[in-house]
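Chemist: Predicted model and sequence below, questions to follow.
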Amino acid sequence: MSKRTKWDTKGDLDESKNLPIYQHKATLQQAVKDNSFLVVTGETGSGKTTQLPQYLHQAGLWGNGKIGITQPRRVAAITVAQRVSQEMHCSLGREVGYQVRFDDCTTQDTVVKYMTDGCLLREILADPVLSQYSVVILDEAHERSLNTDILLGLLKQTLSSPDKASKGRSVPLKVVVMSATLETDKLSVFLGGCPVFTIPGRTFPVTSKFSCAIGPKDTESSVYVKEVVKVALDVHTSEMAGDILVFLTGQSEIEKACDMLYEKAESIDYRYDVQDRKVEGLLILPLYGSMPTDQQKQIFQPPPPGIRKCVVATNIAATSLTINGIKYIVDSGFVKQLNHNSRVGMDILEVVPISKSEALQRAGRAGRTSAGKCFRIYSQEFWEKCMPEYTVPEIQRTSLTTVILTLKCLGVHDVIRFPYLDRPEERFIIEALKQLYQCDAIDRRGKVTRLGELMVQFPLPPGLTRALLQAASLGCEDLLLPVAAMLSVENIFIRPGHPEKQKEADKKHRQLGVQAGSCNDFTMLLSVFEKCKASDAPSAWCKDNYIHWRALKSAFSVETQLREILLRLQNRRDFPMEKFDGNKSELFRRCLCTGYFTNVARRSVGKVFCTMDGHGSMVHIHPSSTLFDQEAQLDWVIFHDLLVTSRIYIRTVCPIRYDWVKDLLPKLHEVDVYELSSVAREEVTDEEVAKWVTKEAAKRQTEGSAEDL
Ligand code: ADP
Ligand code: MG
């Protein structure tokens, strides 16, 4: 028997008293009272995230304010808030609530607020001393997410300056930093030698086994997905009772693996094929970020008697969420990570080998309640040659554009000497300044412009925000708002696994594209949004057209929220207004050019395009694009993002005319590194700026036009 249906058993809420943290409740409450900074560390699953905020609440430490807890991942913020609201016997959104990008589930009554670190960073913009909070807990600091790292620096700066810290507050803010195990001394030193509270935890031994299935050259998803399925089934049939946790990299892999597992588990004969007679079935549960939350809840519930649970998860199950009862780990050895790709000069989600410390963390998940086993599907050679010792902090491997703009808006002018826990390379800071300058968010002196102040209000990537603001200034925001919303939610197009269904889905999608008139991927998004919105039965319309209704529903809500932000800004007297006399299709694409001129490519030969950003990468249009196979008719295009496999693909593409970007392209080469590195450090004098301007004017005369390339 295999199962993937819902069942109902209530988790035992009283089990919180058995968690390792429970013994230390009073000491922890006192430690937070006594210190403005405190580092708390303990094994994952010891109860830090779910319990500590409740302890502080019980001790009355919220005073007149809130207890805010940040998480790097939105799913963790949502599921943990759900759990804690149950434990505190209140409905979600009342005393306990959460806020993640585009989803605010809090009310006036909320005192324990879980949120993403990005949300708190945005709140700091509006209220630098966080006057609404009594305690801020930065959770999962060991994950070293970019936003948590920046929050650490900002809170250190605020609290170490007594003037700033008390301004606008009646009682001083308390900051607790929670981390699984790593680097607590480093955190304490960074925070001025604050105390570290260690929750002693008991863990059981986990034996880890390598396999020779995956070697240094086997990085194909289909290869390791097949292998984890095989190993998980072997574990199921040959190991004693206990649940299985499989680590893969993302949604589509996880769904594929679950389908394969389900199919194969069906044919197991439990009379002969299974070692442990108590095991009578396998319950297969996926776990990834964009999954509906009611499905996510299921993974925490104990399986029915005799049934073994097998959770197939992304890295979220490594530290953010703890699933009880796991005895076996199947580790693919890979993770999806946002990395700056210097070959193309952009951030790209890539599948990469995990670090050795990450592998140990994954294995540790099998030893929480008894001895466990970890099956690594990769070889010892893979471990030695491909896996780094530690995961590089996000701040040292991704684009800093958005956070640098945030820092500048908070008055942190010297972004090089900002207190970073780990300093990013200077070239990444310069790169961010360059992009901000190119989209007019800062001026030549590194000061935030009026446009920059408007841009920072939107939780969107800078290029998209720039395009949206351009559209708004021309009075055509109705064209861009839906597009920005659609690009902010998960993929909306369903791609069925069955080849026949796939063909039908492709046909339907193509039809939607044709109906969109001037056909490109951006208008396609607009058209899907508008058609569905106008439909009397939107969910049926989606089903018929192979569109994810849930994703579209989120897009509707995101569009409303973006519109609210925009309306608020448009009411300001300084909101820019311009005029345009062209047709609507041209207007739409010109607005896109204003934001995406850094992502321009020109067709060179056949189906190959060449990017214009100085990297000159050779790129191809992705097969999912409405323009795929029409390359011969195209010349200049802009694109939303890149996908790097054996080739570099551009996705969400739109044809443009060279004329529309001709005046913008020189901006890509206008600023030089020396200039920006000075801007990053100090105020610059007018004479210096004048010198650069003359130097560049001379340079541009010798460069010729981009059309000649
Ligand atoms: P830590 O933060 O120290 O890693 P947590 O507070 O996340 O620990 O977990 C403590 C316990 O709470 C674990 O046993 C975990 O399984 C349980 N738990 C956490 N979230 C949920 C949930 N949404 N539903 C049921 N149990 C949960
Ligand atoms: Mg935790």
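Modeler: That came through fine. Ligands and ions are numbered 1, 2, ... in the order given.

Chemist: Which residues of the chain lie near ligand 2?
Modeler: 48, 49 (CB under 5 Å from the ion). The C-beta positions use only the backbone N, C-alpha and C, and glycine is treated the same way.

Chemist: what does the chain have sitting close to ligand 1?
Modeler: With CB under 6 Å from any ligand atom as the criterion, the chain meets ligand 1 at residues 11, 19, 42, 44-51, 79-80, 82-83, 300, 322, 324.

Chemist: Sitting in strands, which of those residues do you find?
Modeler: Secondary structure from DSSP state E places residue 42 of these in strands.

Chemist: From the residues of the chain next to ligand 1, which land in helices?
Modeler: Among the residues of the chain next to ligand 1, the residues falling in helices (DSSP state H) are 48, 49, 50, 51, 79, 80, 82, 83.

Chemist: what about the last one, neighbour count?
Modeler: So that's residue 83. 21 (other CB atoms under 10 Å).

Chemist: buried residues in stretch 643-657?
Modeler: 643, 644, 648, 649, 650, 652, 653, 654, 655, 656 (16 or more other CB atoms under 10 Å).

Chemist: Lowest pLDDT pick from those residues?
Modeler: Among the buried residues of stretch 643-657, residue 644 has the lowest pLDDT, at 82.

Chemist: my read: that residue touches residue 349, true?
Modeler: No: Residue 644 is not in contact with residue 349 according to CB atoms under 8 Å; the separation is 9.2 Å.

Chemist: so where do the helices sit in the stretch 51-200 of the chain?
Modeler: Taking DSSP state H, counting those that start in this stretch as the criterion, the stretch 51-200 of the chain contains helices spanning 74-87, 117-126, 146-160, 162-166, 184-190.

Chemist: In terms of secondary structure, what does the third one contact?
Modeler: Contacts of helix 146-160 with other secondary structure elements, assessed using 3 or more CB pairs under 8 Å, 6 or more residues apart in numbering; DSSP states H and E, are made with strand 66-71, helix 117-126, strand 133-138, helix 162-166, strand 174-179, helix 184-190, helix 401-409.

Chemist: which one of the ones you listed has the most crowded surroundings?
Modeler: Of the helices and strands packed on helix 146-160, the one with the most neighbours on average (mean count of other CB atoms under 10 Å) is strand 66-71, at a mean of 26.

Chemist: CA atoms of that one as CSV?
Modeler: The C-alpha trace of strand 66-71 is given here as CSV (Å, rounded to 0.1, in the frame of the first residue of the first chain):
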residue,chain,number,x,y,z
LYS,A,66,5.8,43.3,19.7
ILE,A,67,8.2,40.4,19.7
GLY,A,68,9.4,40.1,16.1
ILE,A,69,11.1,36.9,14.9
THR,A,70,12.8,36.8,11.5
GLN,A,71,13.3,33.8,9.2
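
Chemist: That one pairs with which strands?
Modeler: strand 112-116 (parallel), strand 133-138 (parallel) (DSSP bridges).

Chemist: Distance from the chain centre to the shortest one, please.
Modeler: Per CA atoms, centre = their mean, to the nearest Å, the displacement of strand 112-116 from the mean C-alpha position of its chain is 16 Å.

Chemist: and that strand, average pLDDT?
Modeler: Mean pLDDT, computed over strand 112-116, is 98.

Chemist: So for this structure, the centremost residue is which one?
Modeler: Centroid-nearest residue in the chain, with CA atoms, centre = their mean: residue 73, separated by 6.8 Å.

Chemist: any idea of the pLDDT on that residue?
Modeler: 93.

Chemist: got it, and the one 5 residues further on?
Modeler: The confidence metric pLDDT takes the value 94 at residue 78.

Chemist: just residue 628 next, same as before
Modeler: You'll see residue 628 listed with a pLDDT of 89.

Chemist: just residue 439 next, same as before
Modeler: 87.

Chemist: Pick out the residue in the chain sitting closest to ligand 2.
Modeler: In the chain, no residue comes nearer to ligand 2 than residue 49, which is 3.2 Å away by CB to the ion.

Chemist: Please report the distance of that residue from residue 98.
Modeler: 12 Å (CB to CB, to the nearest Å).

Chemist: which neighbours do the two share?
Modeler: residue 80 (CB atoms under 8 Å, 6 or more residues apart in numbering).

Chemist: Look at those two and report which has more neighbours.
Modeler: residue 98 (29 against 26).

Chemist: Bridged to that one, which residues?
Modeler: The partner residues for residue 98, given DSSP bridges, come to residue 105, residue 114.

Chemist: My guess is it contacts residue 114. True?
Modeler: Yes: if you go by CB under 8 Å, residue 98 and residue 114 touch, sitting 4.4 Å apart.

Chemist: Residues that sit against both of these two, list them.
Modeler: In contact with both residue 98 and residue 114: 77, 78, 80, 81, using CB under 8 Å, 6+ apart.

Chemist: Can you tell me which of these is nearest ligand 1?
Modeler: Closest approach to ligand 1 among the shared contacts of residue 98 and residue 114 (CB to the nearest ligand atom): residue 80, at 5.5 Å.

Chemist: Pretty sure the closest one sits against residue 49.
Modeler: Yes: Residue 80 lies in contact with residue 49 (CB under 8 Å); the separation is 5.4 Å.

Chemist: Which neighbours do these two have in common?
Modeler: Counting by CB under 8 Å, 6+ apart, the common neighbours of residue 80 and residue 49 are 69, 71.

Chemist: which non-adjacent residue is nearest residue 206?
Modeler: residue 367 (4.2 Å; CB to CB, 6 or more residues apart in numbering).

Chemist: ok now do the one you found, which residues does it touch?
Modeler: Residue 367 touches 203, 204, 205, 206, counting by CB under 8 Å, 6+ apart.

Chemist: Give me the spatial nearest neighbour of the first one, chain neighbours excluded.
Modeler: This means residue 203. Nearest non-adjacent residue to residue 203, counting by CB to CB, 6+ apart: residue 367, 5.0 Å away.

Chemist: Please identify the helix or strand for that neighbour.
Modeler: Per DSSP states H and E: residue 367 is located in neither a helix nor a strand.

Chemist: measure it to residue 328 for me?
Modeler: Applying CB to CB, the value for residue 367 to residue 328 is 11 Å.

Chemist: for residue 105, same thing?
Modeler: 35 Å.

Chemist: max-length helix in the protein?
Modeler: Under DSSP H, the chain gives helix 549-570 as its longest helix.

Chemist: What score does residue 244 have for pLDDT?
Modeler: Per-residue pLDDT puts residue 244 at 98.

Chemist: Am I right that it is in a strand?
Modeler: Yes: applying DSSP: H, G, I helix; E, B strand; the rest coil, one finds residue 244 inside a strand.

Chemist: Do I have it right that residue 482 meets residue 555?
Modeler: Yes: judged on CB under 8 Å, residue 482 makes contact with residue 555 at a distance of 7.3 Å.

Chemist: shared neighbours of these two, anything?
Modeler: The contact lists of residue 482 and residue 555 share residue 529, where a contact means CB under 8 Å, 6+ apart.

Chemist: So residue 130 sits against residue 124, correct?
Modeler: Yes: using CB under 8 Å, residue 130 is in contact with residue 124, at 6.5 Å.

Chemist: so what's residue 578 up against?
Modeler: 473, 474.

Chemist: Can you tell me how far residue 397 is from ligand 1?
Modeler: Residue 397 sits 25 Å away from ligand 1, going by CB to the nearest ligand atom, to the nearest Å.

Chemist: contacting residues around that residue?
Modeler: Residue 397 touches 337, 338, 339, 340, counting by CB under 8 Å, 6+ apart.

Chemist: quick one: terminal-to-terminal distance for stretch 79-98?
Modeler: This stretch, stretch 79-98, spans 9 Å end to end (CA to CA, to the nearest Å).
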